[in-house]
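Student: Would you be able to build a 3D model of this:
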Amino acid sequence: MTRSASTGADGASTDGLTVGRTSALVGISVRTLHHWDVIGLVRPSERTWSGYRMYSSDDVARIHRVLVYRELGFPLARIGQLLDDPTSDARSHLRRQRSELVERISRLQGMVGAVDRMLKESGTGMRLTPAEQVAIFGDDWQPAWVDEAEERWGNSPQWSQYAERAVDRSADDWSEIAAETETLNADLATAKRTGVSPGSDAANTLAERHRTLMSRYFDCTHSMQVCIGRMFIEESGYAEYYDGFEPGLTVWFRDAIFANAQAHGIDPESATWE
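Tutor: Reported below is the predicted structural model:
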């Protein structure tokens, strides 16, 4: 039976908490408290002389028990039974719920471990050890280049494509790609040495082979390939790499890429990374 709260000289309640203060104390909304009152889950046991709801310390304690049961996954109807039915074995229910929670935690920890392993494998996209990378790509290969590339392009859609495709590649797959790269470099050097002109059918074929090779890593458009060609000239390291196969090959290769892109309707001057 609801009892009236006592009042002080100014008519304010000296016992219990208003709905607003209770809401702030337990961290749930006033609307939720009203709902719990309507369904009989937690009814304020006090009222002011004006009829306003007031929650006693026992009411607040009951609210906390409801919150614990709800956190454990019990439906509100079942929580009411556990709190009000003296024949209900609340400890038995709690022990069973604890067992289920421990099992759930174990499954979640297993999932976290699996995600961690996937992140470790797909973070760089390449599952080869540094020694395997050097063995496949040659003594000039530096495994740190992969980390540098991720730091530079790791937030791009193209890096996501690379990581997704690379994570499933075996050492044999990478050896095949390395062989394709080596063959292409040799053919590029031969073309430059024998006077093949950028824009010719032979040069365009070589440019397309390069774009196809790049597409093993990510979807490389002609516009993107133009940006890569610019990078050959503007950034250090590329000229040393390509000119090592044939003097002047870097500029020739850039021009071949530009001419091939133009043949496919791309203006090298305004091409952007798509």
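Student: In three-state terms, label the residue lying closest to Pro268 once chain neighbours are set aside for me.
Tutor: Of all residues not flanking Pro268 in the chain, Phe258 sits nearest, at 4.0 Å (C-beta to C-beta, 6 or more residues apart in numbering). Every residue, glycine included, has its C-beta placed from N, CA and C. Of the three states, Phe258 takes helix according to DSSP: H, G, I helix; E, B strand; the rest coil.
Student: Name the spans of the stretch 151-274 of the chain whose pLDDT lies under the cut-off.
Tutor: Counting by pLDDT under 70, the stretch 151-274 of the chain contains low-confidence residues at 151-154.
Student: for it, what spans make up the helices?
Tutor: Counting by DSSP state H, counting those that start in this stretch, the stretch 151-274 of the chain has helices at residues 157-166, 171-193, 201-214, 222-234, 238-243, 249-263.
Student: Just say which of those helices is most tucked in.
Tutor: helix 249-263 (a mean of 22; mean count of other C-beta atoms under 10 Å).
Student: To which secondary structure element is Met54 assigned?
Tutor: In the assignment (DSSP states H and E), Met54 maps to strand 53-54.
Student: picking that back up, put together CSV for the helices of the stretch 151-274 of the chain, with distance to Val68 on each row.
Tutor: Formatted as CSV, the helices of the stretch 151-274 of the chain follow (distance: least, C-beta to C-beta, whole Å):
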stretch, distance to Val68
helix 157-166, 42
helix 171-193, 53
helix 201-214, 58
helix 222-234, 56
helix 238-243, 63
helix 249-263, 66
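Student: And Arg104, how far from Ala77?
Tutor: Distance, Arg104 to Ala77, using C-beta to C-beta, to the nearest Å: 22 Å.
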